[in-house]
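K.L.:
here's a sequence, model it:
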Amino acid sequence: MHVVILGSAAGGGVPQWNCRCSICSMAWAGDPRVKPRTQSSIAVSPDGERWLLVNASPDIRQQIQANGAMFPREGLRHSPIHSVLLTNGDVDHVAGLLTLREGQTFTLYGTSDILSSVSDNRVFDVMAANVVTRQPIAVNQAFEPVPGLSVTLFSVPGKVPLWLEDANMEIGAETETTVGAMIEAGGKRLAYIPGCARVTDGLKHRIAGVDALLFDGTVLEDDDMIRAGVGTKTGWRMGHIQMNGETGSIGSLADVEIGRRVFVHINNTNPVLVEGSTERKSVEERGWTVAHDGLSLEL
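P.N.:
Here you go, the predicted model:
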C-alpha cells in the first residue's frame, strides 16, 4: 500500500493567510523550523497507479502539483485519482471538490450524512451528476473504491461541520457525520482518523494491530488557540482531542499495539510544528511522527 500525506495541516494551513501567531510568524519569515503545510488530505494506492483521495482539501491543485504521482498521464484529460472519500463535511475536507469539477469522472464516497451536507449546498452541483457519481456508504461495511483497496468506515466521536452547527449541536457523539477509515491492501492496514473528539475503548479495539495510524493532531493542549491569543475555542469545542494530558491521544493510545503513529490535521497554533522545540521532542520521544506535506508511507 502506497500512502502520501498531501496536506498535513488543519483548516487554514500553515501559515494561515491572516495569522501572525508565533508559529505562523516563523513560517512567514521563512524560518526553516516551521515547514509550510497545506490543508488535510491523503492519497492511497494499492499499485501506485490508481489512487483514492481521502478528503478534498481547498489546496488540492497545489497538492497535486507537488506530487508527481497525481499528475495527468494519458491523452488530453486524465487523472490517476480514481475516487474520492470524505470523512466529514468540514470546509477543509470538501472545498477542494470545487476544483475537481473539470469533466473528470470519479466516484465520490461518504456516509449518507456526509454526502447530504454536500448535496444540500448547490454550489457542489458543478460536479455534474453524469460525470461524478455520489455513492453513499454505510459504516462498518467494506467497499472497494479502487481495485485492490478495501475501505471500511466507522463512526468516531466528533461533531457536525462548523457551517451546520445549531443550538442542538452535540460534541463527542458517535454519528455518521465524523468517521474514520480503515484502509487495507496487500495484507496491510492503515487507520486514518483526521478528526476525533476523544478516544474510546471501542476505537482502541478497532485500531489495535494496524500497521500505521494517521490520527487527529489538531491541538497539543486543549487551549492551544487561547494560549496563542488568536481564538476562544478549545480543541474539544472544535471536536478535536488534545495530544497531551490524561485523556489526550498520546496517553490514551499508549497501550495499543500500533505500527507507525503519525499526527495529521495539525492546527497552525500547535507548538509541535516547530522542529527542535521541547513540545516536538516530547511527542517524538513518545513514539509519534509529526506529519509534513509529502510524507510517504510504504506499507
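
K.L.:
OK, contacts around Val118?
P.N.:
By C-beta atoms under 8 Å, 6 or more residues apart in numbering, the residues touching Val118 are Leu86, Gly89, Val94, Leu97, Leu108, Gly110, Phe124, Arg134. (Each C-beta comes from the backbone N, C-alpha and C, glycine too.)

K.L.:
which of those residues sits closest to Pro72?
P.N.:
Leu97 (18.1 Å; C-beta to C-beta).

K.L.:
mind checking how far the closest one is from Leu76?
P.N.:
22 Å (C-beta to C-beta, to the nearest Å).

K.L.:
longest strand anywhere in the chain?
P.N.:
strand 173-185 (DSSP state E).

K.L.:
what's the angle from the next helix or strand after that strand to strand 173-185?
P.N.:
Helices and strands here follow DSSP states H and E; after strand 173-185, the next one along the chain is strand 188-193. Angle of strand 188-193 versus strand 173-185, following axes from the mean of the first three to the mean of the last three C-alpha atoms, to 10 degrees, is 150 degrees.

K.L.:
coming back round to it: ok, Leu97 and Leu76, which is more surrounded?
P.N.:
Neighbour count, other C-beta atoms under 10 Å: between Leu97 and Leu76, Leu97 has more, with 23 against 5.

K.L.:
which SS class is the more buried one?
P.N.:
helix (DSSP: H, G, I helix; E, B strand; the rest coil).

K.L.:
from what I see, it and Ile81 are in contact.
P.N.:
No: under the criterion of C-beta atoms under 8 Å, Leu97 makes no contact with Ile81, lying 11.7 Å away.

K.L.:
any residues in contact with both of these two?
P.N.:
What both Leu97 and Ile81 touch, as defined by C-beta under 8 Å, 6+ apart, is an empty set.

K.L.:
separation between Leu297 and Ala43?
P.N.:
11 Å.

K.L.:
can you list residues touching both of the two?
P.N.:
Val3.

K.L.:
about what we covered before: list the buried residues for the longest strand of the chain?
P.N.:
Across strand 173-185, burial judged by 16 or more other C-beta atoms under 10 Å covers Glu174, Thr175, Glu176, Thr177, Thr178, Val179, Gly180, Ala181, Met182, Ile183, Glu184, Ala185.

K.L.:
quick one, what contacts the fourth one?
P.N.:
Read that as Thr177. Asn88, Gly89, Thr111, Asp113, Ile114, Ser117, Gly158, Lys159, Val160, Pro161.

K.L.:
quick check: Asn67 vs Ile5, distance?
P.N.:
Taking C-beta to C-beta, one finds Asn67 at 10 Å from Ile5.

K.L.:
tabulate the contacts of Thr177 (a markdown table), appending pLDDT and neighbour count.
P.N.:
Converted to a markdown table, the contacts of Thr177 look like this (pLDDT from 0 to 100; neighbours: other C-beta atoms under 10 Å):
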| residue | pLDDT | neighbour count |
| --- | --- | --- |
| Asn88 | 96 | 26 |
| Gly89 | 93 | 24 |
| Thr111 | 98 | 23 |
| Asp113 | 95 | 19 |
| Ile114 | 97 | 27 |
| Ser117 | 91 | 22 |
| Gly158 | 92 | 29 |
| Lys159 | 91 | 24 |
| Val160 | 83 | 22 |
| Pro161 | 83 | 20 |
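
K.L.:
so which residues of the stretch 1-150 of the chain form strands?
P.N.:
2-7, 41-45, 51-54, 81-85, 106-110, 132-136, 143-146, 149-158 (DSSP state E, counting those that start in this stretch).

K.L.:
can you tell me which of the ones you listed is packed in deepest?
P.N.:
strand 51-54 (a mean of 27; mean count of other C-beta atoms under 10 Å).

K.L.:
strand partners (parallel or antiparallel) of that strand?
P.N.:
strand 41-45 (antiparallel), strand 81-85 (parallel) (DSSP bridges).

K.L.:
now do that strand, average pLDDT.
P.N.:
For strand 51-54, mean pLDDT is 98.

K.L.:
any idea how far that strand is from the middle of the chain?
P.N.:
12 Å (C-alpha atoms, centre = their mean, to the nearest Å).

K.L.:
so what touches it?
P.N.:
Under C-beta under 8 Å, 6+ apart, the answer for strand 51-54 is 6, 41-45, 60, 69-70, 80-85, 87, 145-146, 149, 151, 181, 183, 192.

K.L.:
ok, what's across the strand from Gln39?
P.N.:
Under the criterion used (DSSP bridges), Gln39 bridges to Ala9.

K.L.:
how much space between it and Thr218?
P.N.:
Distance from Gln39 to Thr218, by C-beta to C-beta: 12 Å.

K.L.:
common neighbours of these two, please.
P.N.:
Common neighbours of Gln39 and Thr218 (C-beta under 8 Å, 6+ apart) are Ala10.
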